[in-house]
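Colleague: Return a 3D structure for these sequence lines:
(3 chains)
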Amino acid sequence: MSTIIDIPVGPQHPALKEPINITCYVDGEQVIGAKLRLGYNHRGIEKAGEYQSYIQNLYIAERICGICGIVHAFSLAQATEDIIGKEIPRRADYIRVIGLELNRIHSHLLWLGVAAHEIGFDTLFMYVWRDREIVMDIIEEITGNRVTYALITIGGVRRDIPQERAEKLLRVMEALEERVKKYRRMCLEEKTIRMRCDGVGILRKEDAIALCAVGPTTRASGVSFDVRADDPHAAYDEIPFNVVTYDTCDVTARVLVRIDETLESINIIKEAIKKMPEGPIRVRLPRVVPAGEGIGRTEAPRGEVIHYVRANGTDKPFRWKVRSPTLANLLSIPVMLTSKGDYVVNIADVPITFASIDPCISCTDRAVRFIDVSTGKSWVWTFSQIKRMYWRR
Amino acid sequence: MGLIDWARIRSPWIIHFNTGACNGCDIEVLAALTPRYDVERFGIRLVGSPRHADILVVTGPITKQVEKRIKRIYEQMPEPKFVMAVGNCCASSGAFRNCYNVYPGLDTIIPVDVYVMGCPPKPEAIINGVVKLIEKLKGGGA
Amino acid sequence: MTLEEEIVNKLKSQFGDKILEAKIQRARRIFITVDRSIYKDAIRFLKNEIGVTHVSTIAGVDAIERFEVIPLFSYKGIVIALRGLVPKESPSIDTISDVIPGAFFYEKEVHEMFGIDIKGHPDLSHLELPEDWPEGLYPLRKDVDLQELFKQITKERD
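Modeller: As a prediction, this is how the structure comes out:
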């Protein structure tokens, strides 16, 4: 059992002054192990949260991750609403779902472009990000912002979706659906994509479960874990949708899970618009939250996000714990990068394998330290260098 | 205006570095490169090495782990070099004012030429920042 | 009987009054408090007898009179918070990473933020704090003030 996580943390190589985040152990061209070093993004948000009001924390929550910020605002709001013990208006639940699903769509399209870039397919990256702008536009119309929506408040949502806007959203979703179906065909049929993604970055089902992976990473390994279905929240209990799983456990499966989920999200939004009831969009809740504890949880684009809140009868949380989905999935990276038996991991596979979990860390060109165990040599290549060397497209 | 200045204005080469950002600014910087905004038509190119870059575009609140790294990247850039701080976090730690692992602004670590405010700033604002920087370049780096 | 009630009953019949508190807050939210002495056994029981495999995170809490280590498990959509009480005079608790490997990172984080020793954990080096962070400074402890932590950032701004 202990060989599943072989994540040793050793000394830094004396010649390298920079902290290297990823270390890959190689034997010739084959990768036989990897270790990660985190902390790049550690800011100290949980401590800050204890000195700020719940409402202030909603804003900082949304900036935990700029790509999926709304899931953090939602989780904090849900945990706090559970402690207070009041239900929020039903219309607010539906608007929250629309916000969450629009966020999933933009995030998955963003990822698709970035993944295309990682396998040397820059044209696809440009096409996808051009189409993503359609989603960014409608997000801006609905929430007032492109990236940090400030849509969710404790007790509901801050903005309503008037009828004409809802109708426009419906038209945008229909147009988008056609484009996403095109990308799906492309990813299934384009030989270069299949060659670079099939059989790469394998995470077996039993490892995904043991390592508690989440989101598309685990669903591509056949694990049917989706917080929207397992722990229905907001309006997900009234909107039917499919949990997308594939069982090939490789990068291709992760691509398809995300594309299919984008199509599901489009359907969820269409349903939500149809079923959204009239009524208020928020209920006024007290600034001071009575003593208690609550857990907020949703399915972010990357997987389960969970917040724990402990209140102490003041207007500031006593304790606020955040677990982003990427942390849950990082544990699986060393396993995906370890050659074993018939499963061979090449250096060329490293960038796309890392990208396939959709890591919500920085977008900076990642440096990888390689250590050849047979020669003892050690060197550093960045992702772009690896791509230039192996993918000549 | 010398030949080198003119050439640099024709196509400024940019290196982008994230110092612990939430990625909000990063995706808007990246969006500026994509067809809708297409900052590449101005000749702006994203490069991977500081040794080839004219402009350092920084996003994020500078975390403690990253301080030495951003300084080194700045030192590796050849003169004349310019720094663009994108986002409120770069200017003043932004939303992370009460966070203990974050510096109160990029200009406490390296000199900054242009600040693009916003949380995150829209791609249009980022392009505007680049234009302002080019104007500064035209003025001989003043 | 709901699934939540079933789980609570099974734990109570196995561990009796070592289950100090068991609360079903609402559908799919169970909060259980146990003494540290049965913390690991209770988690083994959750895994082997009930079939829990997923730990979502582990929240450390400095509750002034004591520490708390609260793994949040997910089972069929139900969140089971299993709180282990940790006295401040002897801040340590058993690792569960040999029972559920996914707990590996979360236990590192509890250790570096609160200074709670996780007995048997294979690697308690820092997960997120910088390497040159002062020894013995645990940011999330209540007796560590934010201003004291700001001293780690050496640049003054007027």
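
Colleague: For the chain, just list every one of the strands.
Modeller: Picked chain A for this. A:22-27, A:30-36, A:152-153, A:156-157, A:292-300, A:303-311, A:319-323, A:367-372, A:378-382 (DSSP state E).

Colleague: think we crossed wires, I meant chain B
Modeller: Going by DSSP E, chain B shows strands at B:13-18, B:45-46, B:55-59, B:82-86, B:114-116.

Colleague: how far away is the residue positioned nearest the centre of chain B from residue C:115?
Modeller: Here the mean C-alpha position of chain B is nearest to the C-alpha of residue B:57 (Cα atoms, centre = their mean), at a distance of 1.6 Å. Relative to residue C:115, residue B:57 is positioned 39 Å away (Cβ to Cβ, to the nearest Å). From N, CA and C alone the C-beta is placed, and that goes for glycine too.

Colleague: Likewise for residue A:386?
Modeller: For residue A:386, the distance to residue C:115 - Cβ to Cβ - is 39 Å.

Colleague: do the same with residue A:307
Modeller: Residue A:307 sits 23 Å away from residue C:115, taking Cβ to Cβ as the criterion.

Colleague: Let me know how buried residue 84 is, in neighbour terms.
Modeller: Picked chain A for this. When counting by other Cβ atoms under 10 Å in any protein chain shown, one arrives at 20 neighbours for residue A:84.

Colleague: Please refer instead to chain C.
Modeller: Neighbours of residue C:84 (other Cβ under 10 Å): 25.

Colleague: And for residue A:56?
Modeller: What residue A:56 shows, counting by other Cβ under 10 Å, is a neighbour count of 16.

Colleague: ranges for the helices of chain C?
Modeller: C:3-15, C:36-45, C:104-114, C:146-150 (DSSP state H).

Colleague: same deal with chain B?
Modeller: With helices called from DSSP H, chain B shows them at B:3-10, B:24-32, B:67-76, B:88-92, B:123-138.

Colleague: highest average neighbour count across the strands of chain B?
Modeller: strand B:55-59 (a mean of 27; mean count of other Cβ atoms under 10 Å in any protein chain shown).

Colleague: That one packs against which elements?
Modeller: Strand B:55-59 sits against strand B:13-18, helix B:24-32, helix B:67-76, strand B:82-86, helix B:88-92, with contacts defined as 3 or more Cβ pairs under 8 Å, 6 or more residues apart in numbering or on different chains; DSSP states H and E.

Colleague: Mind telling me which residue of the stretch 1-150 of chain A is nearest chain B?
Modeller: residue A:66 (2.4 Å; Cβ to the nearest Cβ).

Colleague: Name the nearest residue to that residue, sequence neighbours excluded.
Modeller: residue B:24 (2.4 Å; Cβ to Cβ, 6 or more residues apart in numbering or on different chains).

Colleague: which residues does that neighbour contact?
Modeller: Listed by Cβ atoms under 8 Å, 6 or more residues apart in numbering or on different chains, the contact set of residue B:24 reads A:63, A:66-67, A:69, A:147-148, B:87, B:119-120.

Colleague: Next one: the residue of the stretch 1-150 of chain A closest to chain B, what pLDDT does it get?
Modeller: At residue A:66, the model reports a pLDDT of 88.

Colleague: Surely it is in contact with residue B:30?
Modeller: No - assessed by Cβ atoms under 8 Å, residue A:66 is found out of contact with residue B:30, at 11.4 Å.

Colleague: Among these two, which residue is more densely surrounded?
Modeller: Applying other Cβ under 10 Å to residue A:66 and residue B:30 shows that residue A:66 carries more neighbours, namely 23 against 20.

Colleague: follow-up on the earlier one: hang on, the residue nearest to the centre of chain B packs against residue B:86?
Modeller: Yes - at 5.9 Å, residue B:57 counts as touching residue B:86 under the criterion of Cβ under 8 Å.

Colleague: any common contacting residues for those two?
Modeller: In contact with both residue B:57 and residue B:86: residue B:29, using Cβ under 8 Å, 6+ apart.

Colleague: Minimum distance to chain C, which residue of chain A gives it?
Modeller: residue A:212 (2.6 Å).

Colleague: For that residue, which non-adjacent residue is closest in space?
Modeller: Per Cβ to Cβ, 6+ apart, closest to residue A:212 is residue C:102, 2.6 Å.

Colleague: before we move on, back to that, which of the helices of chain C sits closest to residue A:266?
Modeller: helix C:3-15 (32.6 Å; Cβ to Cβ).

Colleague: between the closest one and helix C:36-45, what angle do the directions make?
Modeller: Between helix C:3-15 and helix C:36-45, the angle comes out at 120 degrees (axes from the mean of the first three to the mean of the last three Cα atoms, to 10 degrees).

Colleague: mind showing which ranges of chain B have poor pLDDT?
Modeller: B:1-10, B:140-142 (pLDDT under 70).

Colleague: Close to chain C: what parts of it are there?
Modeller: B:64-65, B:92, B:98, B:100-105, B:108-109 (Cβ under 8 Å from any Cβ of the partner chain).

Colleague: These: which ones sit near chain A?
Modeller: B:65, B:98, B:100-102.

Colleague: residues near residue A:241, how many?
Modeller: Residue A:241 is flanked by 16 other residues according to other Cβ under 10 Å.

Colleague: Correction: the previous question concerned residue A:295.
Modeller: Residue A:295 has 26 neighbouring residues, counting by other Cβ under 10 Å.
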